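Peer 1: need a structure here:
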Amino acid sequence: MTKKIGVAYWLIVLSVVLFILFALSAFVSDYEGVPNKDTYYFMNIGVSSIIAAIIVFGSAITCARWAQKINNNLNIAYAIGFLTNVIGLLGYWIYYKNKTKKYA
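Peer 2: Numbering: from 1, shown residues only. All right, here's what the predicted structure looks like:
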């Protein structure tokens with residue numbers, strides 16, 4: 001995966017670890033308040049974590065690919081996409097469009 005998008009391996013590992021920690025903390029904090037701890041609850045948390053992972057890592061990889069096209073730092077773009085998700089994706093898209101317009 002790192003060769004395709006060019007992001008540093010340590011940054012990808014760090015982002016996966018952070019996402020797992022965030023998902024586990026959400027799972028534990030929600031689990032304590034549920035009176036009937038059944039499988040439906042666990043499936044609900046699992047599905048929402050998968051959807052969040054798709055959004056988070058999709059935004060990060062898209063920002064890195066845009067940075068590659070305009071010759072910017074891929075690691076910074078990946079971090080922006082990972083930490084700010086869809087808002088960062090929108091902001092970096094505006095930046096990407098302004099940079100491509102300037103060089104075209």
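Peer 1: helix, strand or coil for residue 71?
Peer 2: Look at residue 71: counting by DSSP: H, G, I helix; E, B strand; the rest coil, its state is coil.
Peer 1: And for it, the neighbour number?
Peer 2: 9 (other C-beta atoms under 10 Å). C-betas here are computed from N, CA, C, even on glycine.
Peer 1: Check residue 78 too.
Peer 2: 26.
Peer 1: Where does it fall, secondary structure wise?
Peer 2: Using DSSP states H and E, the element containing residue 78 is helix 74-103.
Peer 1: Work out the gap between that helix and the centre of the chain.
Peer 2: Distance of helix 74-103 from the chain centroid (C-alpha atoms, centre = their mean, to the nearest Å) equals 13 Å.
Peer 1: If you average the pLDDT over it, what comes out?
Peer 2: In this model, helix 74-103 has a mean pLDDT of 89.
Peer 1: List the buried residues in it.
Peer 2: 74-75, 77-82, 84-85, 88-89, 92, 95-96, 99 (16 or more other C-beta atoms under 10 Å).
Peer 1: Which residue, neighbours along the chain excluded, lies closest to residue 52?
Peer 2: residue 23 (7.2 Å; C-beta to C-beta, 6 or more residues apart in numbering).
Peer 1: for the helix holding residue 78, packing partners?
Peer 2: helix 9-31, helix 39-69 (3 or more C-beta pairs under 8 Å, 6 or more residues apart in numbering; DSSP states H and E).
Peer 1: how near is residue 14 to residue 96?
Peer 2: 24 Å (C-beta to C-beta, to the nearest Å).
Peer 1: quick revisit: now the helices and strands packed on helix 74-103 as CSV including mean neighbour count?
Peer 2: Below are those laid out as CSV (neighbours: other C-beta atoms under 10 Å):
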stretch, mean neighbour count
helix 9-31, 13
helix 39-69, 16
